[in-house]
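J.: next come a sequence and a model predicted from it.
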Amino acid sequence: MNAATRVKLSFMMFLEFFIWGAWFVTLGTYLLTNLKTSATEVGVAFLTQSIGAIVAPFIIGLIADRFFSAQKILGVLHLVGAVVLYLASKAPDFSSFYPYVLLYMIVYMPTLALVNSISFRQMTNPSKEFPPIRVLGTLGWIVAGFTIGWLGWEKNGTLDLTFKTAAAASLILGLFSFTLPATPPIKREGKTTVSDILGLDAIKLLKNKSYLVFFLASVAICIPLAFYYNFTNPFLNEVGMQGAAGKQAFGQVSELVFMALMPFFFVRLGVKKMLAFGMLAWVLRYIFFAYGDIGNNYWMLIAGIVMHGICYDFFFVTGQIYTDNLAGERFKSAAQGFITLATYGVGMLIGFLISGPIVDSYKTGDNTHNWMQVWLIPAGIAGVVLVLFLLLFRDKNHMETDPSLDLSEQKDMRLDV
């Protein structure tokens, strides 16, 4: 891959996640303060992510993979997205705002797969070439958060500017996409079935009892995860944290750090302990949020944010690697699609549905809540999932690999479970 292509793919990845981070992190705060919604309506708005995740495989499997070049579809989706985001910023109430956010998530979620597809098709050694490009996406999310915090849009009540900023970035990426390297559809024999699109062939993995336990734990842990996505920013703003969106970006910085450290932990801990530490981190994060404040316990709020690296990398990235190794060559892609559909589709859908009513039930006044009681609920859910996982999951042995190997090399080694 030449330098020009590498720069283009890196810029694409930066904008892809800058767009998402520019409005998604502060969505709950915007709805509660600007549009005066209930917490239940916040959950309904975030639910659109799960709807988009469920619809995305159909767009990719039925359109991108068979009829049109990926970079052209990416461009069209982001151009449409730019218009929708701008219109969303002008919506005066939730009833007029919701159709826009629903439509936007339906057109945005497929782009997450498209940017990966475009990148991989230009690479001769994806395991080596992709990580330096993908890390620009995390950087884009970080820059978006720091920008919102620095400009004080939360404090000033001008969060409608987040949608306009994301719309401008989406317009740029939409136009830029047509300059990306050509990524034509792959010619395939036979018809594409619904089973192919959704990765349902990977359901065979559930015959493995340990993988079944992991699969159910993945779905269940996404229920408390929805509380974090929905209400962390409103919570931090309500308790008085200055520049909350900027502080939350430290979670993505933590993600980068722990991603780099994962090979070290993989070799020494093995699959079961890695997954367990990831779930334990969710329990501790919510406990920190429950008892943290902007006084003497301010460190708890920061610790809860910074633990994102352990929460995400140790559970979700480890789970993706575990799935990849167990699936074998034939079902690798199907297995990743299946676990993504189950977690971001089903698991988080359940979480989005229940988190809003729970937060509403602990409302104590105008835009105030008993956050201690709220956060102890997802902490309890994550704790139950952790205990059941420890009791039922069987990890026969560790990954006996050379600690000098990088993550991509260890990923290719089989996990005997």
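T.: That came through fine.

J.: use CA for all of it now, contacts and neighbours both
T.: Fine.

J.: which residue ranges make up each domain of this protein?
T.: With domains defined by automatic domain parsing, the chain comprises 1-185, 195-417.

J.: looking at the ones you listed, which has the lowest confidence?
T.: Lowest mean pLDDT within these: domain 195-417, a mean of 80.

J.: if we can go back for a sec, any chance of the domains of the chain in a markdown table, plus mean neighbour count?
T.: Below are the domains of the chain laid out as a markdown table (neighbours: other Cα atoms under 10 Å):
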| stretch | mean neighbour count |
| --- | --- |
| domain 1-185 | 20 |
| domain 195-417 | 19 |
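
J.: what residues are up against the closest residue to Gln71 other than its chain neighbours?
T.: Excluding the flanking residues, the one nearest Gln71 by Cα to Cα, 6 or more residues apart in numbering is Ser177, at 5.6 Å. If you count contacts by Cα atoms under 8 Å, 6 or more residues apart in numbering, Ser177 has them with 12, 71-72, 74-75.

J.: of the residues you listed, which belong to strands?
T.: Counting by DSSP state E, no part of the contacts of Ser177 is found in strands.

J.: relative to Phe352, how far out is the residue minimising distance to the centre of the chain?
T.: In the chain, the centroid-proximal residue (Cα atoms, centre = their mean) is Tyr344; its distance is 7.8 Å. For Tyr344, the distance to Phe352 equals 11 Å [Cα to Cα, to the nearest Å].

J.: Pro181 belongs to a strand?
T.: No - counting by DSSP: H, G, I helix; E, B strand; the rest coil, one finds Pro181 to be coil, located in no strand.

J.: which ones are touching it?
T.: By Cα under 8 Å, 6+ apart, the contact set of Pro181 is 5, 71, 118, 122.

J.: distance of it from Leu79?
T.: From Pro181 across to Leu79, the span is 18 Å (Cα to Cα).

J.: what's the following helix or strand after the helix or strand Leu301 falls within?
T.: Using DSSP states H and E, Leu301 maps to helix 298-306. As assigned by DSSP H and E, the chain's next helix or strand after helix 298-306 is helix 308-309.

J.: picking that back up, which of the contacts of Pro181 sit farthest apart?
T.: Farthest pair in the contacts of Pro181 (Cα to Cα) is Thr5 and Gln71. Separation: 13.2 Å.

J.: what touches both of those two?
T.: With Cα under 8 Å, 6+ apart as the test, Thr5 and Gln71 both reach 180-181.

J.: how about the strands of the stretch 301-417 of the chain, start to end?
T.: Ranges of strands in the stretch 301-417 of the chain, per DSSP state E, counting those that start in this stretch, are 363-365, 368-369.

J.: would a markdown table of those with distance to Phe277 be doable?
T.: Shown next, in a markdown table, are those (distance: least, Cα to Cα, whole Å):
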| stretch | distance to Phe277 |
| --- | --- |
| strand 363-365 | 32 |
| strand 368-369 | 30 |
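
J.: ok, which of the ones you listed comes nearest Val239?
T.: If we rank those by Cα to Cα, the stretch that ends up nearest is strand 368-369, at 8.9 Å.

J.: which residues sit against the closest one?
T.: Strand 368-369 has contacts (Cα under 8 Å, 6+ apart) with 238, 359-360, 362-363.

J.: that one pairs with which strands, parallel or anti?
T.: Counting by DSSP bridges, the strands paired with strand 368-369 are strand 363-365 (antiparallel).

J.: contact partners for the closest residue to Ser69 other than its chain neighbours?
T.: Nearest non-adjacent residue to Ser69, counting by Cα to Cα, 6+ apart: Pro184, 4.1 Å away. Neighbour list for Pro184: 68-70 [criterion: Cα under 8 Å, 6+ apart].

J.: gap between Pro184 and Gln122?
T.: Relative to Gln122, Pro184 is positioned 11 Å away (Cα to Cα).

J.: just the helices in the stretch 51-200 of the chain please.
T.: 70-90, 94-121, 126-151, 153-156, 160-177, 194-198 (DSSP state H, counting those that start in this stretch).

J.: of all the strands of the stretch 301-417 of the chain, which lies closest to Ala144?
T.: strand 368-369 (26.6 Å).

J.: skipping its backbone neighbours, what lies nearest Ala45 in space?
T.: Tyr98 (6.5 Å).

J.: I'd say that neighbour and Phe46 touch.
T.: No - with contact defined as Cα atoms under 8 Å, Tyr98 does not count as touching Phe46 (9.9 Å).

J.: I figured Ala276 hits Leu386, correct?
T.: Yes - Ala276 lies in contact with Leu386 (Cα under 8 Å); the separation is 6.4 Å.
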